[in-house]
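Novice: What shape does this take:
(one chain, ligands or ions: 4)
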Amino acid sequence: MKLLKEILTDEKIIYGNQETAVEGITNNSKKVEKNYAFFAIKGTSVDGHNFIDEAIKNGASVIFIEDEKYIESLKGKNITVVLTDNGRKSLALASNRFYDNPSEKLKVIAITGTNGKTTTSNLLAQYYEMAGYKVGVIGTINYRVGDEILSSGHTTPDPVEWFKTLKVMKDKGADVVVAEVSSHAADQYRVYSTKFHGGIFTNLTQDHLDYHQTMENYFLAKRRVFEQIDKFNKEAIYSINVDDEHGRRILDYLKNHLKVNDDKIITYGKTSEDFKILDYRLSLFETEFSYKYKDTLSKIKTKLRGVFNIYNLSATVSFLIKDGFDLKFLEEKALHLKPIKGRFEVIEGQGFIVVIDYAHTPDALENILKSLNEIKENRIITVFGAGGNRDKTKRPLMGETAESLSDVVILTSDNPRNEDPLSIIEDILDGIKDKDKVITIVDRKQAIEKAISLAKEKDIILIAGKGHENYQIIGDKILHFDDAEVVKEIIDGGKGV
Ligand SMILES: CC(=O)N[C@H]1[C@@H](OP(=O)(O)OP(=O)(O)OC[C@H]2O[C@@H](n3ccc(=O)[nH]c3=O)[C@H](O)[C@@H]2O)O[C@H](CO)[C@@H](O)[C@@H]1O[C@H](C)C(=O)N[C@@H](C)C(=O)N[C@H](CCC(=O)O)C(=O)O
Ligand SMILES: Nc1ncnc2c1ncn2[C@@H]1O[C@H](COP(=O)(O)OP(=O)(O)OP(=O)(O)O)[C@@H](O)[C@H]1O
Ligand SMILES: N[C@H](CCC[C@H](N)C(=O)O)C(=O)O
Ligand SMILES: [Mg+2]
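Specialist: Ligands and ions are numbered 1, 2, ... in the order given. Next up, the predicted model:
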């Protein structure tokens, strides 16, 4: 329990007083219990102010409002009413206080960018674990501390769950928390007021334009992650991919606008002067790359596969160098890093190879396919779809990429959600010129079966888009579906490598 005054920042109390007891906080009227503070937020689909009555009925003792027009109707209701000019910020600030400022006692690291967040955060987690730390991970796959899975949901949870999860992780003995911060989260202040130990920028390419509308807005949302890190910790450290034009803009912003000292920043990439990626050698089973750091010219060997993972590993290693790790330790332990579920996951078939990968953006699809083209000995058969109720403009771009970098394309369903699966496929087909290369099979399992039946000696089948997901969302139903499981069932005895 807290008193209202303990969770307030500079919001204005309209009715009631700051001694009001607060047993819990939420922005969801359905979750309100006795003596909760309810935050009414104007959302992207509905206005939370419409649920004030429900929150009161459920026992709210305090209502935070953003809209002054509700002041009058709340008069004389024996409820403490607080006015804020930004409900989302207030919710984050209050959640942080309610859960006793957990990030003050943890090393919380934010990873942001369109692709590579889950991978990079898991690589960081593995390194910290190998160095003896207890680590929490918050991201797309789940929220876990050590080996204990706490829950799962959005890539970045809402503020109440975010700060609560940090507190639970701290109470369970975590020293470090690595967290993916999505652009939605930055835009909606889900992690506002967290004291981050540092931040990593992986890349920015097209995705989520249904939400951000333009690439520039999308970029500004990502930039906000760095603004927020700097605002609450002037000592934070940063690792930035400067091969990416948006990475260079973030770097410029950190140095010239936020005035972050050079010694707090490390860059990585082929064009970097800090952690410079030189040559590399790819195979289906391991990767080796050389790099230059200061006067050291050296090599890293890992079981992770694909050029994009050289970037994710470089992001990780460069960040850890800034965090004081020994380079030799990082090199040696790279061999022990485990690949991440559903990211360039390889399953051996009878003579052919199946690769399962979470590529669900045009850039990710291009990257995985380019790496496969560097490795291939025969054809590439690509099976994929696109998520429903998500950015439609990426669909034809994914079609174009798949066509140009594969020999056969099998279009199928990803998570169609509330859209017609066939019309999603039509959108992808719009980007494909040579329709003869394409087979359309709406049912994902049948599409995978077809790919396997077509596979010849040394072919590679890429099954993209769902990676680790063990479900398929069709309409409002969530059905069990797991690409790797389906493949193993079909090729009976096919083993993962
Ligand atoms: C676009 C988006 O991010 N929406 C999320 C956001 O919605 P919102 O804040 O705009 O809220 P809203 O649904 O308009 O409702 C407004 C307010 O009314 C309240 N309400 C609503 C109904 C009710 O009965 N009672 C009530 O109090 C809501 O709690 C909310 O505070 O906050 C909601 C509550 O936390 C989320 O459930 C919702 O996720 C939607 C369903 C979603 O699909 N989000 C995805 C796109 C997302 O967040 N993805 C990112 C990126 C993924 C990645 O690329 O890695 C992620 O971090 O997962
Ligand atoms: N550094 C990278 N650059 C480009 N593509 C990448 C990179 N890392 C991963 N990918 C591609 O993106 C896919 C998803 O990777 P990952 O899950 O690490 O990204 P993410 O940023 O967490 O994605 P999400 O936004 O869905 O959480 C991979 O399966 C791969 O195809
Ligand atoms: N975090 C991403 C995941 C997309 C995964 C893909 N399988 C889909 O359902 O579109 C999103 O919500 O846009
Ligand atoms: Mg992720």
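
Novice: Identify the residue nearest residue 29 in space, chain neighbours excluded?
Specialist: Counting by C-beta to C-beta, 6 or more residues apart in numbering, residue 51 is the residue found nearest to residue 29 once chain neighbours are left out, at 3.5 Å. For the C-beta atoms, the positions are set from N, CA and C on the backbone; glycine is no exception.

Novice: which residues sit in contact with that neighbour?
Specialist: Applying C-beta atoms under 8 Å, 6 or more residues apart in numbering to residue 51 gives the contacts 29, 38, 40.

Novice: In TSV: those, plus neighbour count.
Specialist: Compiled in TSV, the contacts of residue 51 are given as follows (neighbours: other C-beta atoms under 10 Å):
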residue	neighbour count
29	21
38	28
40	22
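
Novice: Residue 21 - nearest residue in space that isn't next to it in sequence?
Specialist: Nearest residue to residue 21, sequence neighbours excluded (C-beta to C-beta, 6+ apart): residue 35, at 5.3 Å.

Novice: count of neighbours near that neighbour?
Specialist: Residues within reach of residue 35, counting by other C-beta atoms under 10 Å, total 15.

Novice: what's the distance between it and residue 167?
Specialist: Relative to residue 167, residue 35 is positioned 19 Å away (C-beta to C-beta, to the nearest Å).

Novice: repeat for residue 334
Specialist: According to C-beta to C-beta, residue 334 and residue 167 sit 33 Å apart.

Novice: more neighbours, those two?
Specialist: Comparing residue 334 with residue 167 by other C-beta under 10 Å, the one with more neighbours is residue 334, at 23 against 20.

Novice: thinking residue 84 is in contact with residue 65, fair?
Specialist: Yes - counting by C-beta atoms under 8 Å, residue 84 does reach residue 65; the two are 7.4 Å apart.

Novice: domain ranges for the protein?
Specialist: Structural domains assigned to the chain are 2-97, 100-336, 345-492, following automatic domain parsing.

Novice: would a markdown table of those with mean pLDDT and distance to ligand 3 be doable?
Specialist: Formatted as a markdown table, the domains of the chain follow (pLDDT from 0 to 100; distance: least, C-beta to the nearest ligand atom, whole Å):
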| stretch | mean pLDDT | distance to ligand 3 |
| --- | --- | --- |
| domain 2-97 | 97 | 14 |
| domain 100-336 | 97 | 6 |
| domain 345-492 | 97 | 2 |
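
Novice: JSON lines please, covering those domains and showing distance to ligand 4.
Specialist: As requested, the domains of the chain are arranged in JSON lines below (distance: least, C-beta to the ion, whole Å):
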{"stretch": "domain 2-97", "distance to ligand 4": "20"}
{"stretch": "domain 100-336", "distance to ligand 4": "3"}
{"stretch": "domain 345-492", "distance to ligand 4": "8"}
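
Novice: for the residue lying closest to residue 473 once chain neighbours are set aside, helix, strand, or coil?
Specialist: In space, residue 473 comes closest to residue 415 once its chain neighbours are excluded; the distance is 4.0 Å by C-beta to C-beta, 6+ apart. Going by DSSP: H, G, I helix; E, B strand; the rest coil, the secondary structure assigned to residue 415 is coil.

Novice: Is it correct that residue 415 is in contact with residue 388?
Specialist: Yes - under the contact definition of C-beta under 8 Å, residue 415 touches residue 388, with a separation of 6.3 Å.

Novice: Overlap in contacts, the two.
Specialist: Listed contacts common to residue 415 and residue 388 are residue 473; contacts here mean C-beta under 8 Å, 6+ apart.

Novice: These two: who's more crowded?
Specialist: Neighbours per residue, other C-beta under 10 Å: of residue 415 and residue 388, the larger number sits with residue 415, 25 against 20.

Novice: In contact with the residue lying closest to residue 377 once chain neighbours are set aside, which residues?
Specialist: In space, and not counting its chain neighbours, residue 377 is closest to residue 458: 4.4 Å by C-beta to C-beta, 6+ apart. The contact partners of residue 458, by C-beta under 8 Å, 6+ apart, come to 351-352, 376-378.

Novice: and residue 458, which of the three is it?
Specialist: Reduced to three states by three-state DSSP, residue 458 is coil.

Novice: and the chain, which residues reach ligand 2?
Specialist: Contact residues of the chain with respect to ligand 2, defined by C-beta under 6 Å from any ligand atom, are listed as 115-119, 140, 155, 180, 202-203, 308, 311-312, 343, 357-359, 363-364, 367-368, 467.

Novice: May I have the phi/psi pair for the residue lying closest to residue 308 once chain neighbours are set aside?
Specialist: Nearest residue to residue 308 in three dimensions, chain neighbours excluded: residue 367, at 4.6 Å (C-beta to C-beta, 6+ apart). Backbone dihedrals for residue 367, given as degrees, to the nearest 10, come out at phi -60, psi -50.

Novice: Understood, closing this out.
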